[in-house]
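Participant: What follows is a predicted structure for the sequence shown.
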Amino acid sequence: AQKVTQAQTEISVVEKEDVTLDCVYETRDTTYYLFWYKQPPSGELVFLIRRNSFDEQNEISGRYSWNFQKSTSSFNFTITASQVVDSAVYFCALSAPNTGNQFYFGTGTSLTVIP
Amino acid sequence: NAGVTQTPKFQVLKTGQSMTLQCAQDMNHEYMSWYRQDPGMGLRLIHYSVGAGITDQGEVPNGYNVSRSTTEDFPLRLLSAAPSQTSVYFCASSSLAIGQRRNTIYFGEGSWLTVV
């Protein structure tokens, strides 16, 4: 069975602090994909990153970085020098071809950046 | 680029009424799906389709119907609305073709539905 757990329900940080959002996944598939999506207060879901199970290289995009560790089944997301515009709900998701490419979402982490 | 377009954005229904949420995508994606988002529960899959003429149930299909007569369109029908169906609904699509964009899911802007 596929499962994504985001244990942090809500996080508050002061602007310019770094923050890490945790994501732990469960799957028996050897080929799978991991994603992060951002949902700002306006409500839309914005794609941030996609990682496949064979690529464990960490990725950095501006202030965003992602740490994928298969050994711990984690795909954590770090925002460096947070800004008020980072305030949003962030979802981690898992997809696997062997399960019809269905997406399994975590329950989301609500991040509030305080100015 | 239009991407995934869903309508209406807001709707208020009375219990027992029926309605259809429309979803269209212009990316020639094979895979389309509907999710509902409720507080503290993330996104839950209602129905999905891997191509025209093919649909299947997700995690929470009861009270909803779908059809996929074309690649572009994937409407979601509420047969007899209930207050428990008050939620935010997202349509999404994804390519199943081999390539860099495979499996990346793109969402519509959401439909806020209230059943009173």
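Facilitator: Yep, it's here.

Participant: What is the least confident helix or strand in the chain?
Facilitator: By default, I'm working from chain A. strand A:59-61 (a mean of 83; mean pLDDT, DSSP states H and E).

Participant: try again with chain B
Facilitator: Min over SSEs of chain B, mean pLDDT, DSSP H and E: strand B:105-107 (a mean of 88).

Participant: Name the residues that touch the helix or strand following that one?
Facilitator: Remark: after strand B:105-107, the chain's next helix or strand is strand B:111-115, criterion DSSP states H and E. Here strand B:111-115 makes contact (C-beta atoms under 8 Å, 6 or more residues apart in numbering or on different chains) with A:43, B:6-15, B:21, B:78, B:81-90. From N, CA and C alone the C-beta is placed, and that goes for glycine too.

Participant: Looking at strand B:111-115 now, give me its mean pLDDT.
Facilitator: The pLDDT scores in strand B:111-115 average 96.

Participant: Please compute how far it lies from its chain's middle.
Facilitator: Remark: strand B:111-115 is offset 13 Å from the chain centroid, using C-alpha atoms, centre = their mean, to the nearest Å.

Participant: buried set for that strand?
Facilitator: By neighbour count with 16 or more other C-beta atoms under 10 Å in any protein chain shown, strand B:111-115 contains the buried residues B:111, B:113, B:115.

Participant: cool, stretch A:74-93 as well?
Facilitator: For stretch A:74-93, by 16+ other C-beta under 10 Å, it's A:74-79, A:82, A:86-93.

Participant: who are the neighbours of the longest strand along chain B, in terms of helices and strands?
Facilitator: Counting residues, the longest strand in chain B under DSSP state E turns out to be strand B:42-51. Applying 3 or more C-beta pairs under 8 Å, 6 or more residues apart in numbering or on different chains; DSSP states H and E, one finds that strand B:42-51 makes contact with strand A:103-105, strand B:31-38, strand B:54-57, strand B:64-66.

Participant: These into CSV, with extra columns for distance to A:Thr5 and mean pLDDT?
Facilitator: Compiled in CSV, these are given as follows (distance: least, C-beta to C-beta, whole Å; pLDDT from 0 to 100):
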stretch, distance to A:Thr5, mean pLDDT
strand A:103-105, 10, 88
strand B:31-38, 17, 94
strand B:54-57, 24, 93
strand B:64-66, 26, 97
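
Participant: okay if I get those as CSV plus distance to A:Cys23 and mean neighbour count?
Facilitator: Shown next, in CSV, are those (distance: least, C-beta to C-beta, whole Å; neighbours: other C-beta atoms under 10 Å in any protein chain shown):
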stretch, distance to A:Cys23, mean neighbour count
strand A:103-105, 10, 24
strand B:31-38, 18, 24
strand B:54-57, 26, 14
strand B:64-66, 28, 19
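
Participant: Let me know which of those is the nearest to B:Ser94.
Facilitator: strand B:31-38 (4.3 Å; C-beta to C-beta).

Participant: want to throw the helices and strands packed on strand B:42-51 into TSV with distance to A:Phe68?
Facilitator: Shown next, in TSV, are these (distance: least, C-beta to C-beta, whole Å):
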stretch	distance to A:Phe68
strand A:103-105	17
strand B:31-38	24
strand B:54-57	30
strand B:64-66	34
